[in-house]
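**Student:** When you get a sec, could you give me coordinates for this:
(one chain, ligands or ions: 3)
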Amino acid sequence: MLRIAVPNKGSLSGPAAEMLHEAGYQQRRESKELRIVDPVNEVEFFYLRPRDIAIYVASGQLDIGLTGRDLLIDSGAEAEEILALGFARSTFRYATKPGTVSGLADLAGKTIATSYEGIVAAHLAEHGIDASVVHLDGAVETAIQLGVAQVIADVVETGTSLRNAGLEVAGEPIMQSEAVVIRRTGADADDLKVQQFLRRLQGVLVARTYVMMDYDCRVEQLEKAVALTPGLESPTVSPLHNEGWVAVRAMVPAKEAQRIMDDLYDIGARAILTTAIHACRL
Ligand SMILES: Nc1ncnc2c1ncn2[C@@H]1O[C@H](COP(=O)(O)OP(=O)(O)OP(=O)(O)O)[C@@H](O)[C@H]1O
Ligand SMILES: O=P(O)(O)OC[C@H]1O[C@H](OP(=O)(O)OP(=O)(O)O)[C@H](O)[C@@H]1O
Ligand SMILES: [Mg+2]
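**Tutor:** Ligands and ions are numbered 1, 2, ... in the order given. Purely as a prediction, here's the structure:
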């Protein structure tokens, strides 16, 4: 049975459960459940604090885990990222009162509040900056106003929390994060159950980012049309009953679907349809 760690709370937990559900796995029905078994898929899910997941996976007791890249790096645990999942995207950055810090060197001698001491300590050491780090559990944006620190280092997505606290980002992002699948460093890369789990999640990622496009076009326009919709391998082209016309079917990135439909229309394609993909194995 494959043993998988899933975030039980916070920004990662809802989208992680949703993705697992879309991949065909049973998920817990209420938020107090700490462990469930999905007998059909031979998987056991453990609902753990996002911050602890890399530690459990590194210990070898759990085969894989879903967590944030920033949490993985912050933990310093012997675990590695094997698949990026595209949700809970954020940057990790320094921020301060406007005009206080213009570059990294200005951090020297300052006190930096953060929930991610591992990332901050490593970043300061890498740049040879001597600063103090104070650990706070959350809502670190308030630390400056209340005089606990002059600088914070925190997760930034829209920047709303920083703006609300009258702060601005300082320097370049320390890192880019998103939800990831992790396993113990050096674990067996060929484990068939792990491979199957990853293929299922990859199927969900593709189903979320691509749509299927169908259209009819004149044979003379086929090369131009295929250049617009090259598909993943190559598009399917079938003859129509009406001579001189073909039907084309190809997967296209969902974000570009409307633009591609306009371009196909302009070269004479007609009956252009898109349909959602619910699941796939590439
Ligand atoms: N606003 C956000 N947008 C995107 N990702 C976020 C956001 N806040 C936190 N994350 C990501 O969520 C993970 C942190 O999860 P965690 O549950 O510890 O914190 P949280 O979502 O802030 O919840 P909590 O309210 O318990 O602090 C990290 O990978 C972080 O990058
Ligand atoms: O740039 P934004 O879109 O505002 O998002 C970033 C904020 O979201 C998270 O906070 P959360 O609400 O989880 O509270 P916390 O600080 O207590 O973790 C994170 O810690 C930042 O504060
Ligand atoms: Mg938080």
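**Student:** May I have the predicted confidence score for residue 242?
**Tutor:** Here, the pLDDT recorded for residue 242 equals 94.
**Student:** Work out for me the element it sits within.
**Tutor:** Taking DSSP states H and E as the definition, one finds residue 242 inside no helix or strand.
**Student:** What is the burial count for it?
**Tutor:** Residue 242 is flanked by 9 other residues according to other C-beta atoms under 10 Å. Where you see a C-beta, it was placed from the backbone N, CA and C, and this is true even at glycine.
**Student:** Quick check: phi and psi on the residue in the stretch 51-200 of the chain that ligand 2 sits nearest to?
**Tutor:** Ligand 2 sits closest to residue 138 of the stretch 51-200 of the chain, with a gap of 2.6 Å, by C-beta to the nearest ligand atom. Dihedral pair for residue 138: phi -180, psi -180, per degrees, to the nearest 10.
**Student:** from what I can see it touches residue 116, true?
**Tutor:** No. Using C-beta atoms under 8 Å, residue 138 is not in contact with residue 116, being 11.0 Å away.
**Student:** Would you mind listing the buried residues in stretch 259-270?
**Tutor:** For stretch 259-270, burial by neighbour count (16 or more other C-beta atoms under 10 Å) applies to 260-261, 263-264, 269.
**Student:** Among these, which one lies nearest to ligand 1?
**Tutor:** Of all the buried residues of stretch 259-270, residue 260 has the smallest distance to ligand 1: 29.7 Å, by C-beta to the nearest ligand atom.
**Student:** Could you double-check that that closest one lies in contact with residue 215?
**Tutor:** No. Between residue 260 and residue 215 there is no contact under C-beta under 8 Å: 9.6 Å.
**Student:** Look up the closest residue to residue 5, ignoring the ones flanking it.
**Tutor:** Take residue 5 and drop its neighbours on the chain: the residue closest to it by C-beta to C-beta, 6 or more residues apart in numbering is residue 65, 3.5 Å away.
**Student:** ok, residues contacting the helix or strand containing the one you found?
**Tutor:** Using DSSP H and E, residue 65 falls within strand 64-68. Applying C-beta atoms under 8 Å, 6 or more residues apart in numbering, the external contacts of strand 64-68 come out as 2, 4-7, 12, 16, 20, 48, 50, 53-54, 56-57, 79, 82, 85, 88, 90, 177-183, 194, 197.
**Student:** That strand - what's its average pLDDT?
**Tutor:** 98.
**Student:** quick one: the following helix or strand past that strand to chain centroid distance?
**Tutor:** Next in sequence after strand 64-68, counting helices and strands by DSSP H and E, comes helix 69-75. Its chain's C-alpha centre and that of helix 69-75 lie 14 Å apart, by C-alpha atoms, centre = their mean, to the nearest Å.
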